[in-house]
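> Output the structure for:
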Amino acid sequence: MGIVVQKYGGTSVGDVDRMKRVADRVARTHRDGNQTVVVVSAMGKTTDDLVTMAARISEQPPERELDILLTAGERISMSLLAMALHDRGVPAKSFTGSQAGIITDAVHGKARIVDITPGRVRSALNEGNVVIVAGFQGVSQDTKDITTLGRGGSDTTAVALAAALGADVCEIYTDVDGVFTADPRIVPTAHKLDRISYEEMLEMAAQGAGVLQVRSVEFGRNHDVRIHVRSSFSYSAGTWVGPQEDMVEDAIISGVAHDTSEAKLTVQQVPDRPGVASRIFAALADENINIDMIVQNVAADGRTDISFTMPRGDLLKAQATLEPLATEVGAQGVKVDDDIAKVSLVGAGMKTHPGVAAKMFGALSAAGVNIEMISTSTIRVSVIVARNQVETAVQAVHAAFGLGDDAVAEEVSP
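Residues are numbered from 1 along each chain as shown. All right, here's what the predicted structure looks like:
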């Protein structure tokens, strides 16, 4: 008897009828002889509604209380799904994140899992139950307070549980058929990938592909959990995420990702001397602000500009942190731009194929898209562009590398 972990997102359990369809799928998995663990997100827009409600009550809700509020959505989903399974003759038990042994650090709003103690989950499975776990949440190891794992945290809950339980597979059910070469809403010809490596998926997720949360892919890679991204609205195969050796061969490019949730901050006219950059980024780290791309201009007259990107939700906190620090270190000031987007080209094959960046930049130039910042890794090239040009940029790059279904069909035709 194998262990299967399934995760259902907010769209998949968006209303009572969809919840019943999920219950039918879970019951089928259980009756096929699998020990089944299900991780659920909040129904539909429940989390967004709770955030809006909190904002109407308080301009700055205490982070501890906000976490307690936001975890309510997943608790509703888990109990309703357990009821639906009982109606189908399938024994089921639901657990909150803390009851399931999801142990985190004490950072509210974006806590990290530090340990999994799934004793109650194993016991319930051994009793013949389907186990349903509320995603997105855990309990702090130090404070014993309820914490949340950040947007997409249910993915991380599912993969972490799969790792702790030694599951055969972690199935991530969503409202799309798998991982595509680009967002199909922007590029209608985007091609569904049958397989993608952990490393490529990490880059795609980090650069804005919303199918999987970055930390869930990290867990999968670190603990060798096979992840299957599938649609909850069909039984067709999706995209397998696994180690590089599972790939038949390296495609030069796997896909184009984009992210419109970032903002750019520039500390202007910074004195060009040792230790200043360290003070800037240490101050941001102390506020738990994640930095993405960093560019420092060539110094002129002993001064330089330092620009970097971050989640737009952290912009006000970063600005409040750096404005007094800029004065303290003798910089001119802080400039903010929240009207940007990031476009990234990802592919393991680019390590051995020269000219990928040049081809990407040429496609953007031909489309009239200006590049503001550039960042690279061994399997990724990312650029910052104006937000109103992001769709044009994605379409141009996707077409330049022939990633669409029409191009794929031409390649495999006899």
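> Return the set of residues that bridge with the residue nearest to Leu345 when sequence neighbours are not counted.
What sits nearest to Leu345 in space, not counting adjacent residues and going by Cβ to Cβ, 6 or more residues apart in numbering, is Val381, at 4.9 Å. For every residue, glycine as well, the C-beta is placed using N, CA and C. Applying DSSP bridges to Val381 yields these beta-bridge partners: Leu345, Thr376.
> Run through the residues that contact Val381.
By Cβ atoms under 8 Å, 6 or more residues apart in numbering, the contact set of Val381 is Ser344, Leu345, Met350, Val356, Ala357, Met360, Ile374, Ser375.
> redo that, cut-off 6 Å
Each residue near Val381 by Cβ atoms under 6 Å, 6 or more residues apart in numbering is listed here: Leu345, Ala357, Met360.
> show me the residues around the second one that make contact.
For Ala357, the contact set (Cβ under 6 Å, 6+ apart) comprises Val381.
> Quick check: it is in a strand.
No - counting by DSSP: H, G, I helix; E, B strand; the rest coil, Ala357 falls outside a strand, being helix.
> What separation do you get for it and Arg25?
Taking Cβ to Cβ, to the nearest Å as the measure, Ala357 falls 43 Å from Arg25.
> Now do the buried residues in stretch 167-179.
Ala167, Val169, Cys170, Glu171, Ile172, Tyr173, Thr174, Val176, Asp177, Gly178, Val179 (16 or more other Cβ atoms under 10 Å).
> can you give me the mean pLDDT across stretch 17-33?
Regarding stretch 17-33, the rounded mean pLDDT is 96.
> which SS class is Gln389?
helix.
> could you list every residue that touches the closest residue to it other than its chain neighbours?
Among residues not flanking Gln389 along the chain, Val369 sits closest, at 4.9 Å (Cβ to Cβ, 6+ apart). Counting by Cβ under 6 Å, 6+ apart, Val369 touches Val385, Gln389, Thr392, Ala393.
> most surrounded residue in those?
Among the contacts of Val369, the one with the most neighbours (other Cβ atoms under 10 Å) is Ala393, at 26 neighbours.
> wouldn't that residue be in contact with Val385 here?
Yes - counting by Cβ atoms under 6 Å, Val385 is a contact partner of Ala393 at 5.2 Å.
> what residue ranges in the stretch 251-400 of the chain score low on pLDDT?
The model of the stretch 251-400 of the chain has pLDDT under 70 over residues 251.
> just to revisit the earlier point, now the residue nearest to Gln389. Its backbone dihedrals?
phi -100, psi 120 (degrees, to the nearest 10).
> May I see the buried residues of stretch 344-364?
Ser344, Leu345, Val346, Gly347, Ala348, Met350, Val356, Lys359, Met360, Phe361, Ala363, Leu364.
> what two of the contacts of Val369 are the furthest from one another?
Val385 and Thr392 (8.6 Å; Cβ to Cβ).
> now the residue located most distally from the centre of the chain: how far from Pro271?
Computed with Cα atoms, centre = their mean, the residue of the chain farthest from its C-alpha average is Asp301, at 41.7 Å. Applying Cβ to Cβ, the value for Asp301 to Pro271 is 10 Å.
> How about His353?
41 Å.
> Now intersect the buried residues of stretch 167-179 with the strands, please.
Of the buried residues of stretch 167-179, the ones assigned to strands by DSSP state E are Val169, Cys170, Glu171, Ile172, Tyr173, Thr174.
> got a markdown table for those, with distance to Ser232 too?
A markdown table is the format used below for those (distance: Cβ to Cβ, whole Å):
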| residue | distance to Ser232 |
| --- | --- |
| Val169 | 15 |
| Cys170 | 14 |
| Glu171 | 10 |
| Ile172 | 10 |
| Tyr173 | 4 |
| Thr174 | 7 |
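> Among those, which one sits closest to Arg21?
Tyr173 (10.6 Å).
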